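Student: Next input, structure requested:
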Amino acid sequence: MVKSQVLLTGASGSMGNAAFLELLKRKNKFNIILLLRPSKTNRKYFSQFLDQKNSESKNKHIIKSDELKIVWGDLTNPDDVKKAVDGCNFVLHPAALISPKADHNPKMAEKVNLEGTKNIIEAIKKQPNNGDNTRLVYVGSVAEYGDRLAPVYRIRVGDPLIPSAYDFYATTKIAAERAVIESDLKYWVSIRQTYIAIPKTLTLLDPIMFHQPLEQYVELVTNKDAGYGLIQCLEAPEEFWGNIYNMSGGPSCRFIYQDYLENMMNLLGMGDYRKIMDRNWFCLRNFHGGWFEDSYILNEFLHHWRDNLEDHYKQVEENKYWYSYLASIIPKFLVKKFMKKMANEKSGPLYWIDSNNKGRINAFFGSMKKWKNIQGWETDSKGSNISAYLLDHGYDENKPENELNIEDMKEAARFRGGECLSPRVIDMKSKLKWKCAFGHQFEGSPTLILLAGHWCPDCEAPPWDYDKIAAKNPFFAQVYYTNHSKDENNYYDEKSYEDIL
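Tutor: Model prediction:
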């Protein structure tokens, strides 16, 4: 049997490593190629998977044994990517520079997340038959949807992409996804990944934990199921390709952040979270998360819904470090002192309040006045009495895709405050001409605009000029005005991240 060649990027990350370990179980079907940064940590970890007796190395950049080939390189180097992609039947691409690192270094995030993806696309196109025999799986993020608090926390593919202010990571993932969808590759798929829950949760302690509102609805997936699902793409049928999907662990993995926080703090030995953190350390808006209304579609292809929320808690329990026990015996005032110090770091909400950082305060709280009005824990409602609803996509979604016509395109464009300038629809993959409410003209396929929720690239963040956009774009406004008022006038430019450096 001739084995397929599979390139996996990001094998040192949470999803990527779980995918790599799953791929090793199927090495009788697939030859594995990894593109990895040549760090000491990576070299030490991945050397254990190479059969040293049967391995060979033509140069210091490539080493391979019977079932595994490692290309030591970088996504931002087109030559490295070309070496890794050559001869591959599949490219699985979860690698990314993620938050919070991405938000401290947006230029590097753009190089890795956007330019790296473009390098992969170009490398595939240089394969025989313009890459028609190579299938690309791109992994995006729930962060693309931005702030989705109640009542709009029920998320579907096709909803507007509104990355939260200061979320440079999300902006790069949106741009990279656009490049994939409009790449003209024969076989591609984009998977928007939810929060990946890892067993070693204490490693995630960072001021970003305070950016998330306590009322945020979240749907996780364990790293094992995320990795398993990615490898299942290798077995997917023809109709799987050319689409955008939401990936999560399903309804059994849903929660509200405040409940999750309570369970995790107790599980990690830190006790009642109300005694070690104050309510006004947590932001009121401008993060991301929600419950995927349509993630079952991907599960029907990949069958990756295996773990539930309780399984995740068990995995955390099994991987607690010794300092979890230490946390349980340390006086709570010292634990609170540690947590408050974290909230006072430059990327923490308390630092913004103390330094009167109006940009961050307005983005994450609405105003200083709203922050001052935050009550104690006893008044928190978690938004449980707010009825949720699905967003309008601006056209008849009950129509089969092959029946959508130019009138559907014009209707969708009007709902976005713009126009469709093309005279007819050729198919869902062929680009049409559009104009946004601000006069920018651009091209985009019906798949990109209607099915994936993208719109004008000139209006995409950064900069974030959402108050101006919402005033003219009803598609956008139906999300934005759920927790922003029409008299706000916020603007965050490309250098806004510099305030936390």
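
Student: give me the number of residues near R274?
Tutor: R274 has 16 neighbouring residues, counting by other C-beta atoms under 10 Å. Any C-beta I mention is one placed from the backbone N, CA and C, and that applies to glycine too.

Student: tell me what whatever helix or strand it lives in is packed against?
Tutor: Here R274, judged by DSSP states H and E, is contained in helix 273-276. Here helix 273-276 touches helix 257-267, helix 332-343, going by 3 or more C-beta pairs under 8 Å, 6 or more residues apart in numbering; DSSP states H and E.

Student: just those helices: most buried one?
Tutor: helix 257-267 (a mean of 17; mean count of other C-beta atoms under 10 Å).

Student: chain center to that helix, what's the gap?
Tutor: 22 Å (C-alpha atoms, centre = their mean, to the nearest Å).

Student: do the same with stretch 2-22
Tutor: For stretch 2-22, the distance to the chain centre is 18 Å (C-alpha atoms, centre = their mean).

Student: rewinding a little: any chance of the helices and strands packed on helix 273-276 in TSV, with distance to N299 too?
Tutor: Shown next, in TSV, are the helices and strands packed on helix 273-276 (distance: least, C-beta to C-beta, whole Å):
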stretch	distance to N299
helix 257-267	22
helix 332-343	36
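
Student: quick one on the thing from earlier: the helix holding R274: what's the following helix or strand?
Tutor: According to DSSP H and E, the helix or strand after helix 273-276 is strand 291-292.

Student: Show me how far that following strand is from its chain's centre.
Tutor: With C-alpha atoms, centre = their mean, you get 13 Å for strand 291-292.

Student: Who are the packing partners of that strand?
Tutor: Packing contacts for strand 291-292, counted by 3+ C-beta pairs under 8 Å, 6+ apart, involve strand 154-155, strand 217-219.

Student: Could you rerun that using 6 Å?
Tutor: Where contact means 3 or more C-beta pairs under 6 Å, 6 or more residues apart in numbering; DSSP states H and E, strand 291-292 is packed against strand 217-219.

Student: can you list the residues that contact the strand it packs on?
Tutor: Applying C-beta atoms under 6 Å, 6 or more residues apart in numbering, the external contacts of strand 217-219 come out as 153, 194-195, 248, 253-257, 289-292.

Student: Show me just the buried residues among those residues.
Tutor: For these, a burial check counting by 16 or more other C-beta atoms under 10 Å picks out 153, 194-195, 248, 253-257, 289-292.

Student: okay, the residues you listed in a markdown table with distance to H104 and pLDDT next?
Tutor: Formatted as a markdown table, the entries for the buried ones among the contacts of strand 217-219 read as follows, by distance: C-beta to C-beta, whole Å; pLDDT from 0 to 100:
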| residue | distance to H104 | pLDDT |
| --- | --- | --- |
| Y153 | 28 | 97 |
| T194 | 23 | 98 |
| Y195 | 20 | 97 |
| S248 | 27 | 98 |
| C253 | 29 | 98 |
| R254 | 30 | 98 |
| F255 | 28 | 97 |
| I256 | 28 | 96 |
| Y257 | 23 | 96 |
| G289 | 21 | 96 |
| G290 | 25 | 97 |
| W291 | 29 | 98 |
| F292 | 28 | 98 |
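
Student: of these, closest to T222?
Tutor: Minimum distance to T222 across these is 8.0 Å, recorded for C253 (C-beta to C-beta).

Student: Give the burial count for the closest residue in space to H454 that isn't next to it in sequence, as a bare number.
Tutor: Spatial nearest neighbour of H454, chain neighbours left out: L448 (4.9 Å); criterion: C-beta to C-beta, 6 or more residues apart in numbering. Other residues lying near L448 total 23 when counted by other C-beta under 10 Å.

Student: Thanks a lot, see you next time.
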